[in-house]
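> pasting the sequence and the predicted model now:
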Number of protein chains: 2
Amino acid sequence: MEISVKGEYALRAVFELSRQGAPEPVKIARIAESQRIPQKFLEMILAQLKQGGYLGSRRGADGGYFLARPADQITVGDILRQIDGPFQPNKRPFENEPADSPFPEMWDRVERALSCVIDRTTFADLVERWKQKRSKRVLTWQI
Amino acid sequence: MEISVKGEYALRAVFELSRQGAPEPVKIARIAESQRIPQKFLEMILAQLKQGGYLGSRRGADGGYFLARPADQITVGDILRQIDGPFQPNKRPFENEPADSPFPEMWDRVERALSCVIDRTTFADLVERWKQKRSKRVLTWQI
DNA sequence: CGCAATCTCTAGTAGAATAGTAGAGAATCG
DNA sequence: CGATTCTCTACTATTCTACTAGAGATTGCG
């Protein structure tokens, strides 16, 4: 019942790209710096996200990574599953469990409850909430 | 985003004790056999659950483990947290994250969604569902 | 009491996963 | 060309997971 650091990094990286909004590529080094992620580790993560079809990239002087589709079409669940693998606690260790075990049903409930959050939260949502929070902070700061 | 095998074993063990209903202690060996859990591993798990106040035990000839409180007052969440530790993906790696990060709020939502299932499901519920399932099976079997 | 059954406590361990690091290679742009 | 940046392969220290081994402490019974 843990989210890996790698998964968390991946979310932050995609959030960073979503926040820019611009279609220009962002360099790994900049993402790493602004989100405080070890750069070499981030390289692996971004490659994995590209391979999943969520990011695109360009090499060379003005290269970098960018979203492969709009931020409102990428969910938190997409990214977590791409990085940490599927979340299915149910069909794991017990091959020969009795057919009337009450646990698979419960795991289904858990999965659905979780899905309601992570598969419905897009990065556009996250950016919007972030903007709202920031504007509040600026307001109170001004008073 | 995984449940450990140890956690799953713990759930099955407590379910086994709840199913009996009887206040007589059940031997480790029997729980291990009927739920197909390595006995020595189960010993550690049961000790941990006792230490958490969920189980009681008695040594000697007719010894064994038993529920320390009624099955409708032990939840799946209780057991999972006792074995696998608390589920809080939020306050983990980023000490110096910006105050306007949108992630802590999202992790709160996740935690609440999860809690709605695991902290509301008691072992009495599980036993009841199991009985229902079993009676259905018997019925169709009889037709 | 003596003894068998059972829980309890300490220690160890093989293998996998996590969270990285290092460094050379390939593409892109001016 | 050559500087910049992504890309690919390989390596590694540390921790975690899922166990196992064996001696010790309690309890109930005859």
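Sure thing, it's come through.

> can you list contacts of stretch A:115-132?
A:14-15, A:18-19, A:21, A:70-78, A:80, B:100-103, B:105-106, B:109-110, B:113 (Cβ atoms under 8 Å, 6 or more residues apart in numbering or on different chains). C-beta here means a position set from N, CA and C on the backbone, and glycine is covered the same way.

> that stretch: which residues count as buried?
Neighbour counts over stretch A:115-132 (16 or more other Cβ atoms under 10 Å in any protein chain shown) mark A:V117, A:I118, A:T121, A:T122, A:F123, A:A124, A:D125, A:L126, A:V127, A:R129, A:W130 as buried.

> got TSV for those, with secondary structure and pLDDT too?
Converted to TSV, those look like this (DSSP: H, G, I helix; E, B strand; the rest coil; pLDDT from 0 to 100):
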residue	secondary structure	pLDDT
A:V117	helix	97
A:I118	helix	97
A:T121	coil	98
A:T122	strand	98
A:F123	helix	98
A:A124	helix	98
A:D125	helix	98
A:L126	helix	98
A:V127	helix	98
A:R129	helix	96
A:W130	helix	96
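
> report the buried members of the contacts of stretch A:115-132.
Of the contacts of stretch A:115-132, these count as buried by 16+ other Cβ under 10 Å: A:14-15, A:18-19, A:71, A:74-78, A:80, B:101-103, B:106, B:110, B:113.

> how about A:A113, what does it touch?
B:A113, B:L114, B:C116, B:V117.

> just the element for the closest residue in space to it that isn't next to it in sequence, please.
Nearest residue to A:A113 in three dimensions, chain neighbours excluded: B:A113, at 4.3 Å (Cβ to Cβ, 6 or more residues apart in numbering or on different chains). Using DSSP states H and E, B:A113 falls within helix B:103-118.

> near DNA strand D, which residues of chain A are found?
A:25-29, A:43-44, A:46-47, A:50, A:57-65, A:93 (Cβ under 7 Å from any atom of the strand).

> near DNA strand C too, which of those?
Checking those against DNA strand C (Cβ under 7 Å from any atom of the strand), the matches are A:E43, A:M44, A:R58, A:R59, A:G60, A:A61, A:D62, A:G63.

> quick one, phi psi at A:A61?
Main-chain torsions, A:A61, degrees, to the nearest 10: phi -40, psi -60.
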